[in-house]
Each structure stands twice: as structure tokens, then as C-alpha cells.
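Student: Here is a sequence together with a model predicted from it:
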Amino acid sequence: MTRSALLLIDIQNDYFPSIENSRMPLPDMDEAAARAARLLSTARSNGTTVIHVKHVMTSDAAPFFRPGTPGADLHDSVKPSISETVIEKTRPNSFVGTDLEDCLRREQIERVIMCGAMSQMCVDATVRAAVDLGFAVMVAHDACAAANVEHNGVSVPSHMVHASIMAPLAASYANVLLASECLAEAQN
């Protein structure tokens, strides 16, 4: 049987519109986190390895995830248990400068189920890196959130940003599913 791990990426307070003074609120983050929390609960009950990733910027002048601030804390909806690994990173790719790969290899993980934020940054970078490292990847797309972005005078709403990331991931990199489908699929 293939061993799987759930990787929750950057589900941190600064991303939540429902948290007063959050520094980078993402549309639909509360809904995505609720789905991630259900996925986490299922992973815990199934004995699936759980790893939380926490992005902490390297400067107190950073626009969000400033070191030592409540905004950089993991959200209460996915608060890690004492037995779960928390990996701090400073780059979008969760493997760069961390021991994430070592943790997965030590647990003999072959497949990683991912969710979190932002779809167009840390989720995308981590999915692609995981595949390059030889892991099979599933993405719980409805447990991810994206930002509204602008490029060259064109405003792109978050749902379009999210779709434009999930589509190529689904085409070439990962099995992109609903959160409710991910762990059931991983059991096969």
C-alpha cells in the first residue's frame, strides 16, 4: 500500500479576511480552511502522516507573515497536534531550505496530499517540486485559496487565478480533486 502524507501549506492568520488586521486576506480563505480542517480531521482518524508548513518572512518589514507576529501563526482551524510536524520556510517552495524531503523520506511517504495557500505561489511551487523529487501528488483544490492579482494593467480575480494554476497542475503534475475525495482516493 502506498504511504501518504497530508501537507497543509501556509494556512496562517494573515491570509484570513475574518481575522481583524490580517495583512494579506485572501478571498475564500475561510471556506478553504474549513475544508482543510475536515481533511485534517480525516487524516488524523486514518493515521495519515500530517505535516504543517508555516511561512515566516525573513524581515520585520515584510508585508505579511512577519516573524513573531500573530499573523504568522497557523490558523486555529488547523492547529497542529503535539505529534504533528511543523516545518518553517522562508521561500514559496516548501522544500527549499527545509527538511521536508527528509521528513517524507524518513516516513517512507510516496504520495503527498496538499492544500493551503496561495494557489499561485506556495501550493504551485511545492506541488511541482514534489513531483520533481519523485513523489506522487494530490491537490485538494477546494481547500486552497488564491489572491486577486494584476499584471500589465489586467486585473485577474482570485477564482480565475486559482483555475489557471489548478488546470496545468491537473494536466501534468497532480491528481487535482475535491478535499472530500482526496483521502478516499489515497486509500486505494
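Tutor: Noted; the coordinates are in hand.
Student: List the buried residues of stretch 102-122.
Tutor: For stretch 102-122, a neighbour-count test (16 or more other Cβ atoms under 10 Å) marks 103-104, 109, 111-122 as buried. C-betas here are computed from N, CA, C, even on glycine.
Student: Can you tell me which of these is closest to Val56?
Tutor: Taking Cβ to Cβ as the measure, Cys122 is the one of those closest to Val56, at 12.4 Å.
Student: related to what we said a few turns ago, take the buried residues of stretch 102-122 and keep only those in strands.
Tutor: Of those, the ones assigned to strands by DSSP state E are 111-117.
Student: Just name the closest of these to Met24, please.
Tutor: Nearest to Met24, judged by Cβ to Cβ, of those is Ala117 at 9.0 Å.
Student: Please pick out the residue of this structure most distant from its centre.
Tutor: Centroid-distance maximum for the chain: Gly153 at 28.5 Å, with Cα atoms, centre = their mean.
Student: quick one: that one from Ala43, how far?
Tutor: Going from Gly153 to Ala43 by Cβ to Cβ, to the nearest Å gives 42 Å.
Student: Check Asp28 too.
Tutor: Counting by Cβ to Cβ - Asp28 and Ala43 are separated by 22 Å.
Student: who's more crowded, those two?
Tutor: Taking other Cβ atoms under 10 Å, Asp28 and Ala43 do not tie; Ala43 has more neighbours (21 against 16).
Student: hang on, isn't Asp142 packed against Val176?
Tutor: No: taking Cβ atoms under 8 Å as the definition, Asp142 is not a contact partner of Val176, at 9.9 Å.
Student: re the thing from before, got the contact list for the residue farthest from the centre of the chain?
Tutor: The contact partners of Gly153, taken as Cβ atoms under 8 Å, 6 or more residues apart in numbering, number zero.
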